[in-house]
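1. pasting the structure only:
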């Protein structure tokens, strides 16, 4: 094992240079113009997997391709060898607004112990750490105690619709003892974490249409409703003064937080005052009766991700805009059914939409929340691997993000996911100036190296 | 006089071709990148004025230049000759959104009796009609009964700040008996109109700032306020369910509409059902207790011209946006003081802005409303000119737009303005697919030719 860890230590500089190459692909899955960048990124990744000794192939889908890379079967395919899947994604969030980046999002820049680029923490840096751990085994001739399959997809940021189909049609080959996912976070490099719950999500866009075209606000203003005002008034009614989502039935199915969970959440090593400073907001705010940590991980939200209406250039344009739209995502928690919540939201919107505008609702992706036992044998094995590599006690936590595919792993493959995130709270995932900490990168590699030992030992006992 | 009218009739095709050249300049005053297009447009216009026999010059300002063109003094500069100013502007509104134009906004396209281009009705087509009338006098050797000065500026769409300074420093030379402005509308080619009142305006932008950057809505959503939601809730409170502006004191100074005015307004030849069809809105809406015609001309408004926040591209981006902003203009009516209203609005916004966001208010331009007697000698002369050229009875009306400079003409030169608009309700001023009716163009030229006779006769009696 030491030879593996030594190999990792010795090759950090090269690993960082390789990660830079990975980060140069503008693999923005939401934007059609980047289709060829996703293809190129998948090809680079498959080539890289082959170079380190894996069997790799690119599996086409109706959308962006999936890269699948496997270790050679350790036991000639005979039963008894544990098999783990490492899931990651090579697609990234849109980088806009570009002018707020201190350096171009697809030209990686290293400052101190951080590497800045879109996709650095979410998720290229994290899945690359696992690849490097496996490289260390293969290049030092150290036998792996298990079979490993990497599944690195290109549609995580747009709902992973085609990965589900892929899992269904490759169910037998992908059957495994656990799925390892490093796409979440840890409070600090001194607080490695195992995440045992994730929030679900529904995405949609509301568009209100008024006059058939932008109107002169002098000549016609006052005669018709203003769609931007109608939208503001519609949205305003969806959150009450206590920060609660004001949609009838929205909270119905949620199980209350247990005493144990609230205690664990209170132990989270970032204070509210520190969180506020980190986020740079004038003050924290949210659903009354819950801490910020609870609100951002264990409570649902109704979040406006974008507003668009009328004139947005310099100066003024005196119009009544023809339409106004809002992009929305609701984060959901365990027991909230995405389809039911979407139905409740749509029904309520239709009920309160005024007759002065016409409403269109475009449905986006949806996913259930995720919750597993934080005290299983596998969870304990993962905690040991974390402790060995980070040299400090890991914590258990819920996280507010959504990784819809973990529910599919459970449903289709019958397998739980181990969420071992390497992202830091200030990594700016989904924001501008996204970064990834190079210590987390290095310790993540060591964690992965230990993990296969710990998990295999547990699987075989 | 007949020789002037004959000249106009004979030269329509050429006039339209010349107007096309005028419309090809992308003279968008609000957008800094078009500075050179404004300069080029001013130069073309001055050259054109010289070509038809006027003394023309380009007067530089701190912003875009003003074109001034005069007839040679009829009476050797001796007193007694009436002097009229024709005011217009060669700058135009921004053309965005470009994808909604059926043909490029600065490539004029003629369909039937309409010419489509940004600036066609507002205001190039209208001021060009006056230039063509004067050309007809000068080219046929018909003596004008008065001296004329054209003042055609390049900053009307951004508040005319430098024109005021120009009026002050050229007060003596610009002293005149009336200012003629064709920058308003008429209900239909069968209903020429004299506008006796305009609305005022204040413009501003509200920006709410939350977290210091866009945040991942999964990882942090629920911990902080969402600036787009805060903005929606702020804006929502500024208009009540009866369509009234909900800012304390906003309506305080407005004189009620007289019985006579409400009767005149009711005679407006476009029915509410026709207006609704024209505007293409699901239904009409506005301040309860007033007709749509009253609401759009004689009542103030609070209008959102644009909303901007977060992600606006294709697909989803799951963020809590760092900020949200709204571009606003309020239309004001006679007796509402723009500075006082601006103060009321700002004070109210500050009062209701939640502590979870930081608010910035950027002030834009402002202007008072305008109201003159519809029964003066000059108004009657103008009505005669309208009737002669359009061959039907003109109407008197209030208009909802703002031409801030008419107040300056009154204050600085002591002169009333005659508002003789040639725009039609479906001309799409300030909107996409702006057009100008070629019959209005031709009849406007004849109206201008008659106007100098009627106004001079009145001035000399």
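-> Cool, the structure landed. Please read all numbers here as calculations on a predicted model, not as lab measurements.

2. so where do the helices sit in chain A?
-> A:2-10, A:12-23, A:35-51, A:125-139, A:161-169, A:171-174, A:227-236, A:259-266, A:272-279, A:292-295, A:338-352, A:377-390, A:405-408, A:438-460 (DSSP state H).

3. mean neighbour count, these: which tops it?
-> helix A:227-236 (a mean of 26; mean count of other CB atoms under 10 Å in any protein chain shown). C-beta here means a position set from N, CA and C on the backbone, and glycine is covered the same way.

4. follow-up on the earlier one: by mean pLDDT, show me the worst of the helices of chain A.
-> Of all the helices of chain A, the minimum mean pLDDT falls on helix A:259-266 (a mean of 84).

5. ok and the residue in the stretch 251-400 of chain A nearest chain B?
-> Residue of the stretch 251-400 of chain A nearest chain B, by CB to the nearest CB: residue A:280 (2.6 Å).

6. residue contacts, that residue?
-> B:211, B:212, B:213 (CB atoms under 8 Å, 6 or more residues apart in numbering or on different chains).

7. just to revisit the earlier point, now the helices of chain A in CSV, with distance to residue B:445?
-> Output for those, formatted as CSV (distance: least, CB to CB, whole Å):
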stretch, distance to residue B:445
helix A:2-10, 84
helix A:12-23, 64
helix A:35-51, 55
helix A:125-139, 70
helix A:161-169, 62
helix A:171-174, 79
helix A:227-236, 38
helix A:259-266, 77
helix A:272-279, 63
helix A:292-295, 68
helix A:338-352, 52
helix A:377-390, 83
helix A:405-408, 70
helix A:438-460, 74
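
8. list the contacts for the residue in the stretch 101-250 of chain A that chain B sits nearest to?
-> Among the residues of the stretch 101-250 of chain A, residue A:212 lies closest to chain B, at 2.6 Å counting by CB to the nearest CB. Residues near residue A:212 by CB under 8 Å, 6+ apart: A:322, B:279, B:280, B:281.

9. per-residue pLDDT, it?
-> The predicted local confidence for residue A:212 is 96.

10. and it, how far from residue B:100?
-> Applying CB to CB, to the nearest Å, the value for residue A:212 to residue B:100 is 10 Å.

11. with residue A:270 instead?
-> Look at residue A:270 and residue B:100: by CB to CB, they are 47 Å apart.

12. swap in residue A:314?
-> 20 Å.

13. pull the number of nearby residues for residue A:318.
-> 26 (other CB atoms under 10 Å in any protein chain shown).

14. that one contacts residue A:217, doesn't it?
-> Yes. Contact criterion CB atoms under 8 Å: residue A:318 and residue A:217 qualify, at 4.5 Å.

15. name the residues contacting each of those two.
-> With CB under 8 Å, 6+ apart, residue A:318 and residue A:217 have common neighbours B:303, B:305, B:329, B:430.

16. out of the residues you listed, which comes closest to residue A:408?
-> Nearest to residue A:408 out of those is residue B:305 (CB to CB; 44.6 Å).

17. now the phi/psi pair for residue A:375, please.
-> phi -120, psi 20 (degrees, to the nearest 10).

18. domain parsing of chain A, as residue ranges.
-> Annotated domains of chain A cover A:2-198+A:369-460, A:201-271+A:292-367 [automatic domain parsing].

19. distance to residue B:184 for those - can I get that in TSV?
-> Output for those, formatted as TSV (distance: least, CB to CB, whole Å):
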stretch	distance to residue B:184
domain A:2-198+A:369-460	39
domain A:201-271+A:292-367	9
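
20. quick one: closest of those domains to residue B:439.
-> domain A:201-271+A:292-367 (19.7 Å).

21. any idea how far residue A:301 lies from residue B:41?
-> From residue A:301 to residue B:41 the distance is 51 Å (CB to CB).

22. go on, residue A:405?
-> Where residue B:41 is concerned, residue A:405 sits at a distance of 57 Å (CB to CB).

23. right, and residue A:308 touches residue B:311 too?
-> No. Assessed by CB under 8 Å, residue A:308 is found out of contact with residue B:311, at 9.2 Å.

24. out of the helices of chain A, which gets nearest to residue B:247?
-> Per CB to CB, nearest to residue B:247 of the helices of chain A: helix A:227-236, 13.5 Å.

25. which neighbouring elements make contact with that closest one?
-> strand A:200-209, strand A:301-310, strand A:323-332, helix B:227-236, strand B:301-310 (3 or more CB pairs under 8 Å, 6 or more residues apart in numbering or on different chains; DSSP states H and E).

26. JSON lines for those, including distance to residue A:15?
-> Output for the helices and strands packed on helix A:227-236, formatted as JSON lines (distance: least, CB to CB, whole Å):
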{"stretch": "strand A:200-209", "distance to residue A:15": "32"}
{"stretch": "strand A:301-310", "distance to residue A:15": "34"}
{"stretch": "strand A:323-332", "distance to residue A:15": "34"}
{"stretch": "helix B:227-236", "distance to residue A:15": "39"}
{"stretch": "strand B:301-310", "distance to residue A:15": "35"}
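
27. what does the stretch 351-461 of chain A put close to chain B?
-> Near chain B, the residues belonging to the stretch 351-461 of chain A are A:354-358, A:364-365, A:399-402, A:425, A:428-433 when assessed by CB under 8 Å from any CB of the partner chain.

28. only whichever of the residues you listed are buried, select them in ChimeraX.
-> Entered in ChimeraX, the line below selects the buried ones among these, by 16 or more other CB atoms under 10 Å in any protein chain shown:
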select /A:356,357,364,365,399,400,401,402,425,428,429,430,431,432,433
